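Peer 1: okay, predicted coordinates and the sequence, questions at the end:
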Amino acid sequence: MPEHQEIEWKESWRDEYLKWICGYANAHGGTLFIGKDDNGKVVGISDSKKLLEDLPNKITNAMGIIADVNLCTENGKDYLEIVVGKYPFLISYHGRYYYRSGSVLREIVGKELDLALLKSQGITWDGVPLPKLTMADLKPEAIALFKQKALERGRLTIEEANVSNDILMDNLHLVDEDNHLIRAAMLAFYRDPERWVTGAYIKIGFFGDSDSDLQYQDEIHGSLIEQIDRTIDLVYTKYMKARITYDGIQRKEIYMFPRDAFREILLNAVVHKDYASCNPIQISVYDDQIYIWNNGDMPRDLRTSEKLFAKHSSKPFNPKLAYVFFVSGMIEAWGRGFDKIRNECNSLYETPIPEYSISDEGVMVHCLPNHEYMKILRSDRLKIDESIMSRFRADEQETILCIMDIIARSGSVNNTIVRRSTGKSKPTITRLLAKMKNAGLIISEGSGPAVRYYKSAQIP
């Protein structure tokens with residue numbers, strides 16, 4: 001049995017290992033072996049009987065918890081197995097809190113400690129009351145927008161919507177037992193959440209050829225209920241340019257990424273964001289990709305794209321805030337957001353499913369463009385006359401544009417480079433390169449395996 005996150009080997013007992021037991025209790029439980037070396041080989045302990053009597057009392061007296069201490073024997077050598085369960089509340093050791101993360105024991109401090117203490121009391125960060133926030137501080141326009149959306153989606157009846165703000169906030173579970181509004185109410189409906197929480201806004205930037213080439217940017221402030229629609233409208237009018245194509249005389253506008261899928265990703269960022277981090281949600285838009293980042297978290301068992309897009313339960317980081325968006329109809333249903341993202345991507349020219357990168361620093365979503373959009377984008381970039389492209393079949397055009405794009409970036413290509421980049425067979429690429437040469441798109445130099453292809457002088 002190898003050493004890992006929930007197993008640790010020690011050759012002899014030291015009282016400082018009580019910290020490790022505390023860390024296991026605050027994480028996911030674990031087992032500490034006393035009398036094994038770093039390779040898991042039993043080396044034995046001489047005072048096993050005394051430790052078997054002393055350790056249960058030491059653990060209980062230091063932390064108020066119970067751990068199973070078992071005496072084991074292998075090849076005539078004694079060793080101890082200390083089995084620690086996961087506790088539903090936070091455990092301290094001499095007034096300090098520890099957590100086992102990977103193979104490292106670390107102390108829980110600062111913002112993380114605040115969240116852990118709240119969780120141990122059954123309270124989430126967005127459920128903390130704000131005694132100085134009153135009903136009069138809430139923005140009427142934000143509440144009206146919420147009601148409008150909830151009525152349109154059938155989440156509220158007319159009778160449920162036509163109540164006072166006091167009753168509405170109570171029905172949305174946004175007041176505590178002392179009738180104080182909580183943080184979720186402030187984020188959703190207060191006219192300026194940043195007076196309470198720094199970074200409660202969305203930042204958008206458009207980038208050119210590199211990450212340092214920021215060309216223009218905007219910030220969306222105000223209540224979160226209002227931020228969503230304003231952000232989406234701005235991204236799809238100013239930042240994400242539609243590519244134009246024609247089906248006969250019918251003009252078609254094609255965006256790189258489906259609007260409703262983008263909305264779901266943005267809503268996920270809002271309800272999963274760690275607002276105590278004081279960082280805004282950041283959206284980076286390029287001609288051919290989008291990044292959406294938030295300083296939030298996902299449940300431990302959902303930290304890969306594969307698991308997120310499989311069936312799973314909903315565990316929002318800010319459940320009170322998520323409930324507001326659910327009742328408004330902006331969130332479709334619990335745990336269904338990723339289904340909608342996948343379905344929307346599949347319906348728009350088979351857009352690739354977004355890639356999620358989740359770490360302790362936050363959640364990054366990488367959105368790639370659909371093939372139809374990229375075909376038009378490459379054609380626009382390369383300025384190839386439509387009369388030339390019309391000589392090729394529709395199934396050839398995307399590969400040809402890809403080849404021309406590689407030449408534009410690298411100067412020249414050969415058959416091997418094109419095959420690696422496109423995934424096409426050697427006969428297919430050989431035929432296409434010859435066809436492109438005959439059409440005047442490219443010229444060649446050399447012969448045999450050494451032949452290279454360059455852009456023709458007639459192509460701008």
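Peer 2: Perfect, thanks for sending it. Numbers count the residues shown, from 1 in each chain.

Peer 1: need the contact list for residue 31.
Peer 2: Contact partners of residue 31, counting by C-beta atoms under 8 Å, 6 or more residues apart in numbering, are 6, 7, 8, 81, 82, 83, 84. (Each C-beta comes from the backbone N, C-alpha and C, glycine too.)

Peer 1: what number of residues lie near residue 356?
Peer 2: By the criterion of other C-beta atoms under 10 Å, residue 356 has 22 neighbours.

Peer 1: oh, I was asking about residue 41
Peer 2: 13.

Peer 1: one more: residue 54?
Peer 2: 13.

Peer 1: what's the answer for residue 155, then?
Peer 2: For residue 155, the tally of surrounding residues (other C-beta under 10 Å) stands at 17.

Peer 1: can you give me the distance of it to residue 329?
Peer 2: Residue 155 is 5 Å from residue 329, where distance means C-beta to C-beta, to the nearest Å.

Peer 1: thinking again about what came up before, out of the contacts of residue 31, which is most surrounded?
Peer 2: Of the contacts of residue 31, with other C-beta under 10 Å as the count, residue 84 tops at 27 neighbours.

Peer 1: am I right that that one is in contact with residue 25?
Peer 2: Yes: with contact defined as C-beta atoms under 8 Å, residue 84 reaches residue 25; the gap is 5.5 Å.

Peer 1: between those two, what contacts are shared?
Peer 2: Common contact partners of residue 84 and residue 25 (C-beta under 8 Å, 6+ apart): residue 65.

Peer 1: quick one, helices of the stretch 251-400 of the chain?
Peer 2: 259-272, 305-308, 319-328, 337-347, 371-382, 386-389, 394-410 (DSSP state H, counting those that start in this stretch).

Peer 1: now these in a markdown table, with mean pLDDT?
Peer 2: A markdown table is the format used below for the helices of the stretch 251-400 of the chain (pLDDT from 0 to 100):
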| stretch | mean pLDDT |
| --- | --- |
| helix 259-272 | 93 |
| helix 305-308 | 69 |
| helix 319-328 | 93 |
| helix 337-347 | 86 |
| helix 371-382 | 75 |
| helix 386-389 | 73 |
| helix 394-410 | 81 |
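
Peer 1: quick one: buried residues of stretch 432-448?
Peer 2: The neighbour-count check on stretch 432-448 (16 or more other C-beta atoms under 10 Å) flags 432, 433, 435, 436, 439, 441, 442 as buried.

Peer 1: can you pull the pLDDT of residue 286?
Peer 2: At residue 286, the model reports a pLDDT of 93.

Peer 1: my guess is it contacts residue 205, does it?
Peer 2: No: counting by C-beta under 8 Å, residue 286 does not reach residue 205; the two are 9.8 Å apart.

Peer 1: which strand or helix spans residue 204?
Peer 2: strand 202-207 (DSSP states H and E).

Peer 1: please name the bridge partners of the most centrally placed residue in the chain.
Peer 2: Nearest residue to the geometric centre of the chain (C-alpha atoms, centre = their mean): residue 363, 3.3 Å. Residue 363 has these beta-bridge partners by DSSP bridges: residue 294, residue 358.

Peer 1: mind pulling up the pLDDT for it?
Peer 2: As predicted, residue 363 sits at a pLDDT of 91.

Peer 1: doesn't residue 126 fall inside a strand?
Peer 2: No: Residue 126 is assigned helix when assessed by DSSP: H, G, I helix; E, B strand; the rest coil, not a strand.

Peer 1: that one: what's it in contact with?
Peer 2: Taking C-beta under 8 Å, 6+ apart, we find residue 126 in contact with 182, 183, 184, 187, 275, 318, 319, 320, 321.

Peer 1: nearest to residue 50, of those residues?
Peer 2: When the contacts of residue 126 are compared for distance to residue 50 (C-beta to C-beta), residue 319 wins out at 48.0 Å.

Peer 1: need the contact list for the closest residue to that closest one other than its chain neighbours.
Peer 2: Leaving aside its chain neighbours, residue 319 sits nearest to residue 124 (5.8 Å; criterion: C-beta to C-beta, 6 or more residues apart in numbering). Residue 124 makes contact with 118, 317, 318, 319, 320, according to C-beta under 8 Å, 6+ apart.

Peer 1: same question, residue 435
Peer 2: By C-beta under 8 Å, 6+ apart, the neighbours of residue 435 are 391, 392, 396.

Peer 1: can you check residue 243 too?
Peer 2: With contacts defined as C-beta under 8 Å, 6+ apart, the neighbours of residue 243 are 253, 254, 255, 256, 373, 376, 377, 380.

Peer 1: how many residues are close by the residue nearest to the first one when sequence neighbours are not counted?
Peer 2: On the basis of C-beta to C-beta, 6+ apart, the spatially nearest residue to residue 253 that is not a chain neighbour turns out to be residue 242, at 3.9 Å. Residue 242 has 14 neighbouring residues, counting by other C-beta under 10 Å.

Peer 1: list the contacts for residue 242?
Peer 2: Contacts of residue 242 (C-beta under 8 Å, 6+ apart): 253, 254, 255.

Peer 1: take those residues and write them to TSV, including neighbour count, distance to residue 412 and pLDDT.
Peer 2: Below are the contacts of residue 242 laid out as TSV (neighbours: other C-beta atoms under 10 Å; distance: C-beta to C-beta, whole Å; pLDDT from 0 to 100):
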residue	neighbour count	distance to residue 412	pLDDT
253	9	35	82
254	18	31	86
255	19	33	90
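
Peer 1: relative to residue 48, how far out is residue 59?
Peer 2: Applying C-beta to C-beta to residue 59 and residue 48 gives a distance of 16 Å.

Peer 1: just residue 9 next, same as before
Peer 2: With C-beta to C-beta as the criterion, residue 9 and residue 48 are 15 Å apart.

Peer 1: for residue 38, same thing?
Peer 2: For residue 38, the distance to residue 48 - C-beta to C-beta - is 20 Å.

Peer 1: kindly report the same for residue 279.
Peer 2: Distance from residue 279 to residue 48, by C-beta to C-beta: 51 Å.

Peer 1: what's the answer for residue 315, then?
Peer 2: Shown here: residue 315 relative to residue 48, a distance of 42 Å by C-beta to C-beta.

Peer 1: one more: residue 296?
Peer 2: Distance, residue 296 to residue 48, using C-beta to C-beta: 47 Å.

Peer 1: same deal with residue 155?
Peer 2: In this view, residue 155 and residue 48 are 62 Å apart by C-beta to C-beta.

Peer 1: derive a PyMOL selection command for the buried subset of the contacts of residue 435.
Peer 2: PyMOL command restricting these to the buried ones, with burial defined by 16+ other C-beta under 10 Å:
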select buried, resi 392+396
